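> make a model of this:
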Amino acid sequence: SMSDLTICKGSAASLTASATTNCDEVAYAWTGNLTGNTVSVSPTATQTYTVTATVSLPADLHNCTATDTKSVTVNVNAPSVSLNTLNNVALCEGEDLNLTASLNGSANGNVTYAWTVPAGNSSEINTYTLNNITTAATGNYTVMATATQSLNGVTCSATDSKSAQVTVNALPNVTISGSNVLCAGSTTRLTAEGGSSYLWNNGHTTAALQVTTAGTYMVIGTGANGCSNTAETTVTVNTPSVVLNDMADQTICADSEAELAATLNGAATGDVTYAWNGNMTGREVTVSPATTTTYTVTATATIGDCSATDTKEVTVNVIPQVTLAAQNATQTVQYGNAISIITFETNGALSVVGDLPEGLSFDGVNRRITGTPAFVGTQTFNVVATAENECSQEQTQISITVENNASIVLDNANQSVCPGNDIINIQIHAN
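Numbering: from 1, shown residues only. All right, here's what the predicted structure looks like:
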């Protein structure tokens, strides 16, 4: 007798028949026109095979035959599995990859999975996931499904595999150029680069964006491959401010100095510098103008490249050196005659030192001395011109000489009279 066998589908079973006989020749005939005591069979399904053994006696032994038939069953263990096609996938860098293997119909047996991937860890379930994917993950992804089944102690398996091409596209390198510091009241231009189309967080879709206010500006740039990346920049607005107090005008004497100081009206915003006309700098300056001069100071408050200014003026009045010139300062007159009017040219205030000679009068408003001297001889005196604020003085000497050239005439100087008679009045007068 022969024992039944179990094989895996696609495998071969070796069947052997043996006969017990005293004959030398035994012929074996198997199902399927197979001959020989040992045959190899590869059934695709469970099948029973029959073998007939025939022995023949020679003719001299009456030419007779004898046969015997036996059967053996070959059980076929046929697990099966079939997978649906995996679709190719295109992703952007940073996205998650999710592949799922699905059965095409029902499988025979217990199904397990194995993934072969270019990067990352493999998976032993029907799904494969790779988070935050990089361009290094581009390549072919293959899943193999294995169906395993046991029958009569024989374990068999069947496999099927499918592949998908995964392409990971790089993100565009999106950047924002342009100044991110804005002066109050001005505009800055931000320009997005690295993509083929753009969307700003304020809705604008152009690469260039005009900005007038502070804030954070973000742009999404999309490349030709459909992948997007973001960039952002924060724009700050600098608002420097400065206000100067008015300055009181000053008056100084010629050849003197004036101290000028700029003061702030309240606190300034930013770093403050001061510039005066005449290439002077600093909050306080010392000036010595030769003539009355108006000075201008500009205060500049600076934050970064932004600035604000305020300007004030102050006048330094210069009192010039006093000058004094006299006409007819020295003269000679005859007694009893008026002097020639003495006049003065001056830029100061006039005064007489001491007392005027008798007979003369001083007119400071009209700047002159007039009168008829009541003396004989020469008298001198000084007239002083004094500048405003007594900055300077100048004086000149006045000399008046009065001559008396008259002759004395006596009327009736010589006369004869009798004793006891009065003389004729003698009269004295000058020529």
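> now do the strands in the stretch 151-300 of the chain.
154-169, 175-177, 181-183, 188-193, 197-200, 208-211, 215-222, 228-238, 250-253, 258-261, 271-276, 280-281, 284-287, 293-303 (DSSP state E, counting those that start in this stretch).
> can you tell me which of these the model trusts least?
Sorting the strands of the stretch 151-300 of the chain by mean pLDDT places strand 181-183 lowest, at a mean of 90.
> can you list contacts of that one?
With contacts defined as Cβ atoms under 8 Å, 6 or more residues apart in numbering, strand 181-183 is touched by 188, 211-214, 235-238, 304-307. C-beta coordinates here come from the backbone N, C-alpha and C atoms, glycine included.
> redo that, cut-off 7 Å
Contact with strand 181-183 is made by Thr188, Val211, Ala214, Val235, Thr236, Val237, Asn238, Gly304, Asp305, Cys306, as judged by Cβ atoms under 7 Å, 6 or more residues apart in numbering.
> pairing partners for that strand, with directions?
strand 228-238 (parallel) (DSSP bridges).
> how about the partner strand: buried residues?
Ser228, Asn229, Ala231, Thr233, Val235, Val237, Asn238 (16 or more other Cβ atoms under 10 Å).
> please apply the same query to stretch 334-341.
Applying 16+ other Cβ under 10 Å to stretch 334-341 flags Tyr335, Ile339 as buried.
> what's the answer for stretch 314-324, then?
Under 16+ other Cβ under 10 Å, the buried positions of stretch 314-324 are Val314, Val316, Val318, Ile319, Pro320, Val322, Leu324.
> what does stretch 117-131 give?
For stretch 117-131, by 16+ other Cβ under 10 Å, it's Val117, Gly120, Ser123, Asn126, Tyr128, Leu130.
> cool, stretch 240-249 as well?
Pro240, Val242, Leu244, Met247.
> output the below-cut-off pLDDT ranges for this protein.
The model of the chain has pLDDT under 70 over residues 1, 22-24, 57-66, 406-410, 428-431.
> now do the helices in it.
Assigned by DSSP state H, the helices in the chain number zero.
> look up phi and psi at the spatially most central residue of it.
Residue closest to the average C-alpha location in the chain (Cα atoms, centre = their mean): Asn180, at 2.6 Å. The phi/psi pair for Asn180 (degrees, to the nearest 10) reads phi -100, psi 20.
> so how far is Arg189 from it?
Here Asn180 is placed at a distance of 11 Å from Arg189 (Cβ to Cβ, to the nearest Å).
> what's the answer for Pro118, then?
Taking Cβ to Cβ, one finds Pro118 at 44 Å from Arg189.
> now do Thr234
16 Å.
> pull the residues that contact stretch 340-349.
Residues contacting stretch 340-349 (Cβ under 7 Å, 6+ apart): 320, 322-329, 331, 350, 367-370, 383, 385-387, 398.
> right, I'll leave it there.
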